[in-house]
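> sequence and predicted structure are below.
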Amino acid sequence: MEKTSKKLFIFNLCIIFGILVTRRCNATTYFVGDTSGWDISSDLESWPLGKRFSVGDVLMFQYSSTHSVYEVAKDNFQSCNTTDPIRTFINGNTTIALSKPGDRFFVCGNRLHCFAGMRLQVNVEGNGPSPAPVGAPQAAPAGILQPSSKKNNPATGVASSAPHIGGRGLRGSMNYFVYLIVFTFPLILYFINN
């Protein structure tokens, strides 16, 4: 009887682990501005439309040396006030994890660029990653890169968050693989031990 309860415990532990792993696999990396990147030529006001940002997702800003990324409070967002930023980034490749729900505000440190539209408001939903609604643009998986037009970032690429052929692409395939491995693992253990 004790052997059966140990197997049941392991089985339940694997199920819980599987659920946690698959929820984390749903996190999305969004390349801000798509192929244009964080640039004055990008339509950053409409870029977040149709996207669903969740806790665990990541924003990837790629920009030239004439730009920067300042995370600011809501009060400073519309006025492009960068005198009291929450965080400042100037390296040309900035990754920001969306770790809690709520609104996040980003502006270019050059105030004229900000007034010209280089600012971004993102609403982060919920307690964890969730898939985008049907028909909404999907972010490309982090491994798919396209050539960058940024001359001072020759080793980097910018992936598009536009929909890609084949539905969810690699990200969807990985989810199925993780489900298959995690949920069949307890059965494999059971047959090996018996």
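Happy to help now that I have it. Numbering: from 1, shown residues only.
> for the residue lying closest to residue 81 once chain neighbours are set aside, name its beta-bridge partners.
Distances taken as CB to CB, 6 or more residues apart in numbering put residue 72 closest to residue 81, at 6.9 Å, once the chain neighbours are dropped. Where C-beta positions appear, they are placed from N, C-alpha and C, glycine not excepted. Applying DSSP bridges to residue 72 gives these bridge partners: residue 105.
> now residue 72: how far from residue 34?
23 Å (CB to CB, to the nearest Å).
> ok, the spatially closest residue to residue 33 that is not a sequence neighbour - contacts?
Among residues not flanking residue 33 along the chain, residue 42 sits closest, at 3.6 Å (CB to CB, 6+ apart). By CB atoms under 8 Å, 6 or more residues apart in numbering, residue 42 lies in contact with 32, 33, 34, 36, 118.
> number of nearby residues for the second one?
By other CB atoms under 10 Å, 24 other residues sit near residue 33.
> need the contact list for it.
39, 42, 44, 47, 62, 158.
> related to what we said a few turns ago, tabulate the contacts of residue 42 (JSON lines), appending secondary structure and distance to residue 86.
Listed next are the contacts of residue 42 as JSON lines, based on DSSP: H, G, I helix; E, B strand; the rest coil; distance: CB to CB, whole Å:
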{"residue": "32", "secondary structure": "coil", "distance to residue 86": "17"}
{"residue": "33", "secondary structure": "coil", "distance to residue 86": "21"}
{"residue": "34", "secondary structure": "helix", "distance to residue 86": "25"}
{"residue": "36", "secondary structure": "helix", "distance to residue 86": "25"}
{"residue": "118", "secondary structure": "coil", "distance to residue 86": "17"}
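> buried members of the residues you listed into ChimeraX, please.
Buried members of the contacts of residue 42, defined by 16 or more other CB atoms under 10 Å, are picked up in ChimeraX with:
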select :32,33,34,36,118
